[in-house]
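In: just coords:
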Ligand code: NAD
Ligand code: UDP
């Protein structure tokens, strides 16, 4: 195994994207420490990471909104950089309960930044989102496209971007990379880690997986009259392992950059909902029943990234295809029909 003396803190590292990033960092020889309050993830993730990589990340159950605990956590380790995944990500819940989303996402980030400054850890990668873009006037979406989120979740991400901009202006010692993810999907090819949403999934892939599994009788496709080739919405789905590797490239970039930079992480290709259904049927060998329903409020018709800035400056490019995404999502689903299950006590 390669070695690299750097220790990277992953906040929210037991979550979906954080766990896949932990695997890529450990495989590259980094030391990994995770702070997570386990509000949307399971401790079982850690042993799965160990099975894949042969290395167990350090773990502290810390809520980032507890500044004192966070500070104690930083005292225990020495970090070279922080990748800040922790946050609430549900668009629907952010609409019904905006205060929870704002409280969690903003306070976590502010306390994290304060503690990082106090401990002189000034290298940060932040999990941004394509939801910060307004309905695009031009496609593909470049980093300088017009911004304008239309839900509290997206606005919390925009607010954090503004906080990070102010921080970077106030002190040039900070090195900050904002990664705007498009639609992360799929799972690790081993089927050991993947997306494990609680309750009824609101996103396309986990819902589709449950329809294929027979948990739900059909997929409801939200809208069939968009101005797209087949009338359904188009998104830039990116395999979560490609996305995780993007963080590895960004860590290298931190060493040679200054100030703040923003990158889209997407494939640059859009697929319609019907195209995804077809690809999932091919990967699973299962016919997916679906019906068309009303448009979902707030959905934009077409979103896909221009990822060329990341390609040029990070030296990163997504490699996996929509077929890989479906194959790995289905592999995870069949191997973990109930998501992560806690091991029974011996
Ligand atoms: P996730 O919910 O699987 O992971 C987030 C993790 O953060 C969870 O393990 C949760 O327990 C933890 N957490 C939440 N609040 C915390 C707090 N106050 N203190 C400590 N830990 C806390 O989500 P994910 O899909 O892995 O997303 C990671 C990041 O990427 C999030 O910031 C999300 O907004 C962003 N993002 C995700 C997507 C996506 O589709 N998954 C798209 C764009 C951006
Ligand atoms: N979608 C759908 N049925 C579902 C979930 C999603 O038709 O049960 C559609 C949704 O309208 C969007 C696409 O699938 O066009 C991707 O939705 P998702 O929520 O996964 O991502 P986002 O809309 O946040 O980009």
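Out: Structure's in. What do you need? Note that the structure is predicted; figures quoted are calculated from it, not measured. Ligands and ions are numbered 1, 2, ... in the order given.
In: use CA for all of it now, contacts and neighbours both
Out: OK.
In: give me the number of residues near the closest residue to ligand 2 within the stretch 51-200 of the chain?
Out: Relative to ligand 2, the nearest point of the stretch 51-200 of the chain is residue 183 (5.9 Å; C-alpha to the nearest ligand atom). Neighbourhood size, residue 183 [other C-alpha atoms under 10 Å]: 23.
In: for it, grab phi and psi.
Out: Backbone dihedrals for residue 183, given as degrees, to the nearest 10, come out at phi -110, psi 90.
In: ok, it touching residue 236?
Out: Yes: in this structure residue 183 lies within contact range of residue 236 using C-alpha atoms under 8 Å: 5.8 Å.
In: could you check how far residue 336 is from ligand 2?
Out: Going from residue 336 to ligand 2 by C-alpha to the nearest ligand atom, to the nearest Å gives 20 Å.
In: renumber starting at 46 from here on
Out: Fine by me, first position is 46 from now on; the one you just mentioned is residue 381.
In: find me the pLDDT at residue 244, would you?
Out: Confidence at residue 244, expressed as pLDDT, is 89.
In: A strand includes it, no?
Out: No: per DSSP: H, G, I helix; E, B strand; the rest coil, residue 244 lies outside any strand segment and is coil.
In: roughly how far does it sit from residue 383?
Out: 11 Å (C-alpha to C-alpha, to the nearest Å).
In: these two: who's more crowded?
Out: More crowded of residue 244 and residue 383, by other C-alpha under 10 Å: residue 383, with 9 against 6.
In: how far away from the center of its chain is the longest helix that the chain contains?
Out: Assignment by DSSP state H gives helix 197-215 as the longest helix of the chain. Relative to the centre of its chain, helix 197-215 is centred 17 Å away, using C-alpha atoms, centre = their mean, to the nearest Å.
In: could you check the angle helix 197-215 makes with the next helix or strand along the chain from it?
Out: As assigned by DSSP states H and E, the chain's next helix or strand after helix 197-215 is strand 220-226. Orientation check (axes from the mean of the first three to the mean of the last three C-alpha atoms, to 10 degrees): strand 220-226 against helix 197-215 gives 160 degrees.
In: relative to strand 220-226, what are the paired strands and their orientations?
Out: Using DSSP bridges, strand 220-226 pairs in its sheet with strand 168-174 (parallel), strand 304-310 (parallel).
In: does that strand reach ligand 1?
Out: Yes: contact between strand 220-226 and ligand 1, assessed by C-alpha under 6 Å from any ligand atom, occurs at residue 226.
In: close to ligand 2, is that strand?
Out: No: Strand 220-226 does not reach ligand 2 (C-alpha under 6 Å from any ligand atom); its nearest approach is 10.2 Å.
In: circling back: for the longest helix of the chain, what is the average pLDDT?
Out: For helix 197-215, the mean confidence score works out to 97.
In: who in the stretch 196-345 of the chain is up against ligand 2?
Out: Residues of the stretch 196-345 of the chain lying near ligand 2 (C-alpha under 6 Å from any ligand atom): 228, 247-249, 252, 264-267, 278, 318, 341, 344.
In: do that again at 5 Å, thanks
Out: Selection of the stretch 196-345 of the chain residues close to ligand 2 by C-alpha under 5 Å from any ligand atom yields 248-249, 265-267, 278.
In: now render these as a markdown table, adding distance to residue 220 and neighbour count.
Out: Below are those laid out as a markdown table (distance: C-alpha to C-alpha, whole Å; neighbours: other C-alpha atoms under 10 Å):
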| residue | distance to residue 220 | neighbour count |
| --- | --- | --- |
| 248 | 33 | 13 |
| 249 | 35 | 16 |
| 265 | 43 | 15 |
| 266 | 42 | 19 |
| 267 | 40 | 18 |
| 278 | 36 | 25 |
